[in-house]
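Trainee: pasting the sequence and the predicted coordinates here, then a few questions.
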Amino acid sequence: QGLAAFVMNGNTTAVSKKKRMRRTATSTNGGGGSASDAVREIIDQSCRKIGYGAGIAVLSKSEDGADATPSQMEQPISKSSPAAAHSAVSPLMHCCFRASWIHTRIAADFGVALLEKERRYADALDLIQVLLGRPEHPTKRGHLWNRFAIDLEHRGLTESSLEVAETALADEWVRGGHRLALQRRVLRLGKPPRRWKKPAFAERATWKPKEETIVGRPIHSKKSCKSRFVGFDDQDVSVEQLAIQHYEQQGWNGVHTENGIWHTLFGLLMWDIIFSDAPDAFNHAFQSAPVDFDTDYFYARRKELIEDRLSCVSDSAENACSLLETVWTREAPKRTLCTGVSWERYTLEELNEVVYCVGGRGLAVILRLLAEDHRNWRSGMPDLFLWRSDPRPRALFAEVKGPRDQLADHQRAWLAELA
């Protein structure tokens, strides 16, 4: 909705997305239409701009006339060739400023979902195929391939859905949870007599984490509300707080962190690499991360620096603690902005204890995933981080689910990597 409002009225004022959306709806409909009508109109315009719909030409050039070809944008960057990354990085890092990038984003994020919500699966399939043929947003290809296979199954085309899932696995842009979801679909649909041979990824895709059931007294059973329980201290608690109390009785220290603490550790331990002097990475002094931070270029252009840092962290937790203290002492008093880093939520002592309990080798695994593919691995980390130092340093990751919840594929992918 924020993107939609930006496209409609060009407003760059620092106001909330909801306020922008309300203002857009008023200006578009003369005060008499609803916000949903305005959003629908914007989505329709964007879909037509990218070639979905008759009568409007495909927008394949930016406003300055520079071509955006699939051959440039659809090939993943070789992590073993920093030189190749340097040679082509400038036009691709800044492709997000093209008008076609915005239109494709709206169509992919809202257009497909709108059609599916209205059960217009045939139209959704047409739009998905148009988007898969576009050069913009290659990192969304995993999501689009998944929706492609799902919508085919909605239409009763099971064999086609299986073939699409198998084809998608050959796409190098399909990663993380999206790849796992497609693998699980292939295994589910590809049973005899459709497929007789199990694929090589079968064992990994069917891996299940260890489960532990905690029994609690629910406060309510409303389906539309988040589950609440009576905690072990007789207070009203969430399902995550209930799990922490359960583990605290076993001697663990726990925190409901999800992605927060790991992004903070990543930012602090990679600080000098994130803010290194890479060409075209910083356009002004107020950036909290380089332009290529969420792209394959981040790792490819800094491969030697990152590998040296990962090796240093992996050697011992003491090395990581030393790096943390250096950066914290220098930057914390100024509260310097860095994407993912929270100066207020954690103390240096807490971060050092986390590093000590996880160990250098385990921490290096997490840092590597974030460095190589930050966009795909920046979410889905387990809800709880639990640790204890006595009798020896130990760490435990736990994804907590209430009675009506289940694991998402990107959460399964994270648990598999951590295991």
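Mentor: Nice, I can see it. Numbering: from 1, shown residues only.
Trainee: element containing V255?
Mentor: Using DSSP states H and E, the element containing V255 is strand 253-256.
Trainee: so for that strand, mean pLDDT?
Mentor: Averaging pLDDT along strand 253-256 yields 88.
Trainee: can you map out the strands along the stretch 151-300 of the chain?
Mentor: Using DSSP state E, counting those that start in this stretch, the strands of the stretch 151-300 of the chain run over 217-218, 228-230, 236-238, 253-256.
Trainee: stretch 392-399 - what's its average pLDDT?
Mentor: pLDDT averaged over stretch 392-399 gives 91.
Trainee: chain center to it, what's the gap?
Mentor: 23 Å (Cα atoms, centre = their mean, to the nearest Å).
Trainee: equivalent analysis for stretch 215-230, please.
Mentor: Distance, stretch centre to chain centre, for stretch 215-230: 28 Å (Cα atoms, centre = their mean).
Trainee: next: stretch 284-295.
Mentor: Worked out by Cα atoms, centre = their mean, stretch 284-295 lies 17 Å from the chain centre.
Trainee: list the buried residues of that stretch.
Mentor: Going by neighbour count (16 or more other Cβ atoms under 10 Å), the buried part of stretch 284-295 is A289, P290, V291, D292, F293, D294, T295. To be clear about C-beta, it is placed using only N, CA and C from the backbone, and glycine gets the same treatment.
Trainee: separation between the third one and P279?
Mentor: Think V291. Relative to P279, V291 is positioned 10 Å away (criterion: Cβ to Cβ, to the nearest Å).
Trainee: what does the fourth one give?
Mentor: Counting by Cβ to Cβ, the separation of D292 from P279 is 10 Å.
Trainee: rewinding a little: for A317, find the nearest of the strands of the stretch 151-300 of the chain.
Mentor: strand 253-256 (16.7 Å; Cβ to Cβ).
Trainee: what packs against the closest one?
Mentor: Counting contacts by 3 or more Cβ pairs under 8 Å, 6 or more residues apart in numbering; DSSP states H and E, strand 253-256 packs against helix 239-248, strand 384-388.
Trainee: quick one on the thing from earlier: export the strands of the stretch 151-300 of the chain as TSV, with columns for distance to D315 and mean neighbour count.
Mentor: Listed next are the strands of the stretch 151-300 of the chain as TSV, based on distance: least, Cβ to Cβ, whole Å; neighbours: other Cβ atoms under 10 Å:
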stretch	distance to D315	mean neighbour count
strand 217-218	47	11
strand 228-230	43	18
strand 236-238	38	15
strand 253-256	26	18
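Trainee: ok, which of those strands comes nearest G380?
Mentor: strand 253-256 (15.2 Å).
Trainee: gap between that closest one and the chain center?
Mentor: 23 Å.
Trainee: equivalent analysis for stretch 136-146, please.
Mentor: 12 Å.
Trainee: who touches it?
Mentor: Outside stretch 136-146, the residues that touch it by Cβ atoms under 8 Å, 6 or more residues apart in numbering are 68, 73-74, 76, 95, 98, 100-101, 104-105, 108, 112, 128, 131-132, 164-165, 167-168, 171, 173-179, 181-182, 185, 294, 375-376.
Trainee: just to be sure, which of those are found in helices?
Mentor: 73, 100-101, 104-105, 112, 128, 131-132, 164-165, 167-168, 176-179, 181-182, 185, 375-376 (DSSP state H).
Trainee: which of those count as buried?
Mentor: Listed as buried from those are 73, 100-101, 104-105, 112, 128, 131-132, 164-165, 168, 176-179, 181-182, 185, 375-376; burial here means 16+ other Cβ under 10 Å.
Trainee: relative to R345, which of the strands of the stretch 151-300 of the chain is closest?
Mentor: Checking the strands of the stretch 151-300 of the chain against R345 by Cβ to Cβ gives strand 253-256 as the closest, at 9.5 Å.
Trainee: who does the closest one pair up with?
Mentor: strand 384-388 (antiparallel) (DSSP bridges).
Trainee: ok, and what's touching the partner strand?
Mentor: With Cβ under 8 Å, 6+ apart as the criterion, strand 384-388 contacts 240, 243-244, 247, 251-257, 261, 353-354, 357-358, 393-400.
Trainee: buried ones only from the residues you listed, please, as a PyMOL command.
Mentor: Entered in PyMOL, the line below selects the buried ones among those, by 16+ other Cβ under 10 Å:
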select buried, resi 240+243+244+247+252+253+254+255+257+261+353+354+357+358+395+397+398+399+400
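Trainee: which residue, other than its chain neighbours, is closest to E159?
Mentor: Excluding its sequence neighbours, the residue lying closest to E159 (Cβ to Cβ, 6 or more residues apart in numbering) is R194, at 7.0 Å.
Trainee: before we move on, what about G380?
Mentor: H410 is the one closest to G380 (Cβ to Cβ, 6+ apart), at 3.6 Å.
Trainee: low pLDDT regions in the chain?
Mentor: Counting by pLDDT under 70, the ranges of the chain that qualify are 1-35, 53-94.
Trainee: try it again with 50
Mentor: Counting by pLDDT under 50, the chain contains low-confidence ranges at 1-33, 54-74, 82-83, 85-89.
Trainee: what about A317, how many neighbours?
Mentor: 21 (other Cβ atoms under 10 Å).
Trainee: can you check C338 too?
Mentor: 22.
Trainee: tell me the contacts of the residue nearest to it when sequence neighbours are not counted?
Mentor: Once flanking residues are discounted, C338 sits nearest to G267: 4.6 Å by Cβ to Cβ, 6+ apart. Applying Cβ under 8 Å, 6+ apart to G267 gives the contacts I274, C338, T339, G340, V341.
Trainee: returning to what we had before: can you redo the strands of the stretch 151-300 of the chain as JSON lines with distance to G142?
Mentor: Formatted as JSON lines, those follow (distance: least, Cβ to Cβ, whole Å):
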{"stretch": "strand 217-218", "distance to G142": "36"}
{"stretch": "strand 228-230", "distance to G142": "34"}
{"stretch": "strand 236-238", "distance to G142": "30"}
{"stretch": "strand 253-256", "distance to G142": "28"}
